[in-house]
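>>> Sharing a sequence plus its predicted fold:
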Amino acid sequence: MATILPVLGKEPQLGKNCFVAPNATIVGDVVMGDDCSIWFNAVVRGDVNFIKMGNKVNIQDGAVIHCTYEKNGTTIGNNVSIGHNALVHGCVLHDDVLIGMGAIVMDRCEIHSNSIIAAGAVVLEGTIVEEGSIYAGVPARKVKDLPKDTVHGEIQRIATNYVKYSSWFADFNAAK
C-alpha cells in the first residue's frame, strides 16, 4: 500500500479517479486534481511547503516533487506529465507541459504552457520558460519553438494515455 501521511496536521487530498502506486509516497500539504497518477517509487513531499496539482497530472516512476521550506511551493497545472526520475522543486508548471525523463526543474522556475523540458535538462533556479518552446541541455536553454501539432500530438496524448494506464490498476488503486 502507498505511503500517504499527514504532516503538521496537513493531509494529502486526492481528486476523483486518481491512481497511487503501492510503493509511491505522498505526504503533507498535497492537493491533487482529478485523473492524476503517482507511479511506482515516485515521491510527492508537501512536508515543508504546498504542492498543488491540476487535473490529468502524471508523476512517473521515480520522480520527486518537492518544495522549499517557507519559500517556494510547487504548483502544477492541468495535462502535465513529469517523466521518469525527474525532479521538480519549488516551481510553477502551467497547463500542457511535459517534463522529460531525468530532467531537473529548480526553485522559482516558471514553465509556461505548451512547453517541453527535454530529457536530462537542468532548468536553473529562476528560469522562465516561454510558452510554446522546447528547452534542453545543462543548463537548459531554448532550442526551438514547439510546433502547435506537438502540443496536441504529444503533450496531451501522454497525459491522456496515463489516465488510461491508471485504469489498468483499478483493482489495486490505493487512492479509492
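The structure has been received and is ready for your questions.

>>> To what extent is the spatially closest residue to I82 that is not a sequence neighbour buried, counted in neighbours?
Spatial nearest neighbour of I82, chain neighbours left out: I99 (4.6 Å); criterion: C-beta to C-beta, 6 or more residues apart in numbering. C-beta: built from backbone N, CA, C; applies to glycine. By other C-beta atoms under 10 Å, 28 other residues sit near I99.

>>> separation between L124 and R108?
Between L124 and R108 the distance is 10 Å, computed by C-beta to C-beta, to the nearest Å.

>>> low-scoring stretches of the protein, by residue?
172-176 (pLDDT under 70).

>>> quick one: the helices in it?
Under the criterion DSSP state H, the chain contains helices at 148-150, 156-167.

>>> which secondary structure elements does the longest one contact?
This means helix 156-167. Contacts defined by 3 or more C-beta pairs under 8 Å, 6 or more residues apart in numbering; DSSP states H and E place helix 156-167 against strand 37-38, strand 58-59, strand 80-82.

>>> Sheet partners, orientation included, of the second one?
The pairing partners recorded for strand 58-59 under DSSP bridges are strand 37-38 (parallel), strand 80-82 (parallel).

>>> I would like the residues contacting it, please.
24, 36-39, 42, 44, 65, 80-82, 158-159, 162, 166 (C-beta atoms under 8 Å, 6 or more residues apart in numbering).

>>> again with the longest one
For strand 80-82, the surrounding residues in contact (C-beta under 8 Å, 6+ apart) are 53-54, 56-60, 63, 65, 76, 88, 93, 95-99, 155, 158-159, 162.

>>> so how far is it off the chain centroid?
5 Å (C-alpha atoms, centre = their mean, to the nearest Å).

>>> follow-up on the earlier one: just say which of the strands paired with strand 58-59 is most tucked in.
strand 37-38 (a mean of 30; mean count of other C-beta atoms under 10 Å).

>>> ok, the strand ranked longest in the chain: who's next to it in the sheet?
For the chain, the strand reaching the highest residue count under DSSP state E is reported as strand 43-53. If you go by DSSP bridges, strand 43-53 pairs up with strand 25-31 (parallel), strand 64-66 (parallel), strand 74-76 (parallel).

>>> So what touches it?
Contacts for strand 43-53 (C-beta under 8 Å, 6+ apart): 7-8, 10, 12, 24-33, 36, 38, 59, 63-76, 80, 90.

>>> Tabulate the strands paired with strand 58-59 in TSV, adding columns for distance to D149.
Shown next, in TSV, are the strands paired with strand 58-59 (distance: least, C-beta to C-beta, whole Å):
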stretch	distance to D149
strand 37-38	25
strand 80-82	17
